[in-house]
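**Q** What would the 3D arrangement of this be:
(one chain, ligands or ions: 1)
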Amino acid sequence: MNMHKEKKTQFERAIFYSWSCYVEHRCKYCYMSGLPRDREVKERVRSFGSILAETIICKKCNWHFGSLTGGIGAFPMPKIIDLVKKISIIMEEKVWVNIGVLPLPILKKLQPYIQGVIGTVEVLDPKLHEEMCPSKPLAGAEVLFNNATKLGVRKAMTLIIGLGEKFENDFPLFKDFVNKHGIERVQLYAFNPQKGTELEKLPPPTKEYHAKWVKSIREEFPDMVISTGAWLDRVETLKGVLEAGADYMTKFPALRKFGKDIAFDFEKQAELAGRDFIGTVTKLPDVDWDAEVDKLDFDEELKADIKKKLQIYVKNMK
Ligand code: SF4
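**A** Residues are numbered from 1 along each chain as shown. You can find the predicted model right below:
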């Protein structure tokens with residue numbers, strides 16, 4: 001939905017099923033590139049109970065389901081397909097996935113449960129891309145988009161700004177890329193320096209630069225769905241990006257910060273920008289959580305697991 005046209009906004013949640021990373025050379029902006037070799041995350045995979053409990057919270061708090069995100073090798077593919085199916089049942093809609101370069105046969109199997117795929121483009125300037133993401137070539141996202149086009153699956157991309165690109169050079173590249181692949185959604189991230197990485201000292205982009213990207217995308221692509229976010233120390237920048245035409249606000253650790261002062265500040269940004277904030281990150285809805293799980297036609301063991309995880313999450317949110 002084009003929230004900006006309706007003067008609304010909503011918190012967008014990406015649900016992660018793993019934090020595994022299989023690339024040989026870490027992306028320079030990623031916190032993983034700053035971890036000592038022995039602390040590098042080889043494989044951290046969440047249980048279905050935990051992922052689906054978070055999905056139920058997402059639905060009940062009326063968060064926009066941004067994507068299911070994770071490494072393609074973290075679960076065997078039949079398990080991923082089953083997970084996507086279960087998530088779409090809870091959300092009562094097809095969902096978006098950001099799970100790597102999907103070959104055609106897999107994409108076909110996912111098609112009944114997905115609205116679209118998200119390609120991790122990150123940086124469009126070819127030289128800068130190679131420097132920033134040495135093991136994640138742009139060609140991978142293009143293969144994904146080409147496969148999606150063949151099947152009529154919708155497409156979205158990620159883009160990080162503030163990594164050294166020049167707006168005058170990269171915005172035209174962005175326009176061409178969007179037009180070439182028929183991209184409908186963009187997840188625009190402002191670079192956030194991570195301790196211990198090579199880019200630790202690179203300052204994040206200014207809020208004006210962030211808003212300039214959003215405004216330019218909005219002017220060029222009036223129907224593009226733009227999700228963007230800011231880290232906790234920069235929540236006040238969200239007003240500007242909403243005014244510039246963003247639809248959804250993302251990157252907020254909503255489970256951890258639910259109901260805290262910062263969550264009120266987050267919602268306040270919508271009001272300051274003249275938007276209605278849909279859903280909540282401050283007020284726990286009155287829900288019989290066990291009853292929500294009982295409604296689901298999943299096996300009893302999984303349901304027990306989801307209930308256990310829900311208890312933990314909801315207790316923390318309270
Ligand atoms: S951003 Fe790059 S380094 Fe970080 S998890 Fe993704 S592929 Fe790995």
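
**Q** in stretch 303-316, what's buried?
**A** Counting neighbours by 16 or more other CB atoms under 10 Å, one finds that the buried residues in stretch 303-316 are 303, 305, 306, 307, 309, 310, 313, 314. Yep, even glycine has a C-beta here, placed from its N, CA and C like the rest.

**Q** Tell me if the one helix or strand residue 131 maps to is near the ligand.
**A** Using DSSP states H and E, residue 131 maps to helix 126-132. No: Helix 126-132 lies apart from the ligand when judged by CB under 6 Å from any ligand atom; the minimum separation is 9.0 Å.

**Q** Give me the distance between the following helix or strand past that helix and the centre of its chain.
**A** Remark: after helix 126-132, the chain's next helix or strand is helix 138-151, criterion DSSP H and E. Centroid displacement of helix 138-151 relative to its chain, using CA atoms, centre = their mean, to the nearest Å, is 19 Å.

**Q** Same check on stretch 302-318?
**A** With CA atoms, centre = their mean, you get 22 Å for stretch 302-318.

**Q** what does stretch 234-247 give?
**A** Worked out by CA atoms, centre = their mean, stretch 234-247 lies 17 Å from the chain centre.

**Q** can you check stretch 109-128 too?
**A** That offset, for stretch 109-128, works out to 11 Å (CA atoms, centre = their mean).

**Q** Hmm, residue 2 is touching residue 225, no?
**A** Yes: with contact defined as CB atoms under 8 Å, residue 2 reaches residue 225; the gap is 6.6 Å.

**Q** What is the helix holding residue 131 packed up against?
**A** On a contact count with 3 or more CB pairs under 8 Å, 6 or more residues apart in numbering; DSSP states H and E, helix 126-132 meets no helix or strand.

**Q** any idea how far residue 196 is from the ligand?
**A** 13 Å (CB to the nearest ligand atom, to the nearest Å).

**Q** Can you give me every residue that contacts the closest residue to that residue other than its chain neighbours?
**A** Using CB to CB, 6 or more residues apart in numbering and skipping the chain neighbours, the partner closest in space to residue 196 is residue 34 (3.1 Å). By CB atoms under 8 Å, 6 or more residues apart in numbering, residue 34 lies in contact with 194, 195, 196, 197, 200.

**Q** May I ask which of these has the most neighbours?
**A** residue 197 (19 neighbours; other CB atoms under 10 Å).

**Q** Just list the residues touching that residue, thanks.
**A** Applying CB under 8 Å, 6+ apart, the residues near residue 197 are 28, 29, 30, 31, 33, 34.

**Q** Doesn't it lie inside a strand?
**A** No: counting by DSSP: H, G, I helix; E, B strand; the rest coil, one finds residue 197 to be coil, located in no strand.

**Q** hang on, the earlier thing: which ones among the buried residues of stretch 303-316 are found in helices?
**A** Those of the buried residues of stretch 303-316 mapping onto helices are 303, 305, 306, 307, 309, 310, 313, 314, per DSSP state H.

**Q** mind listing the helices for the stretch 51-200 of the chain?
**A** Taking DSSP state H, counting those that start in this stretch as the test, the helices found in the stretch 51-200 of the chain are 77-91, 104-110, 126-132, 138-151, 167-181.

**Q** returning to what we had before: and the ligand, which of the contacts of residue 197 reach it?
**A** When contact is defined as CB under 6 Å from any ligand atom, those meet the ligand at 30, 33.

**Q** and the contacts of residue 197 as JSON lines, adding pLDDT?
**A** JSON lines is the format used below for those (pLDDT from 0 to 100):
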{"residue": "28", "pLDDT": "93"}
{"residue": "29", "pLDDT": "92"}
{"residue": "30", "pLDDT": "89"}
{"residue": "31", "pLDDT": "84"}
{"residue": "33", "pLDDT": "83"}
{"residue": "34", "pLDDT": "81"}
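
**Q** Among the contacts of residue 197, name the ones in strands.
**A** Counting by DSSP state E, these place none of their members in strands.

**Q** Save the buried residues of stretch 303-316 as TSV, and put in pLDDT and distance to residue 252 too.
**A** Below are these laid out as TSV (pLDDT from 0 to 100; distance: CB to CB, whole Å):
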residue	pLDDT	distance to residue 252
303	98	29
305	98	26
306	98	23
307	98	26
309	98	20
310	98	20
313	97	15
314	97	18
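
**Q** Between those, which sits nearest residue 75?
**A** Closest approach between the buried residues of stretch 303-316 and residue 75, by CB to CB: residue 305, at 15.6 Å.

**Q** Quick check, that closest one in contact with residue 51.
**A** No: using CB under 8 Å, residue 305 is not in contact with residue 51, being 10.3 Å away.

**Q** dump the residue contacts of the closest residue to residue 305 other than its chain neighbours.
**A** Distances taken as CB to CB, 6+ apart put residue 49 closest to residue 305, at 2.9 Å, once the chain neighbours are dropped. Residues in contact with residue 49 (CB under 8 Å, 6+ apart) are 302, 305, 306, 308, 309.
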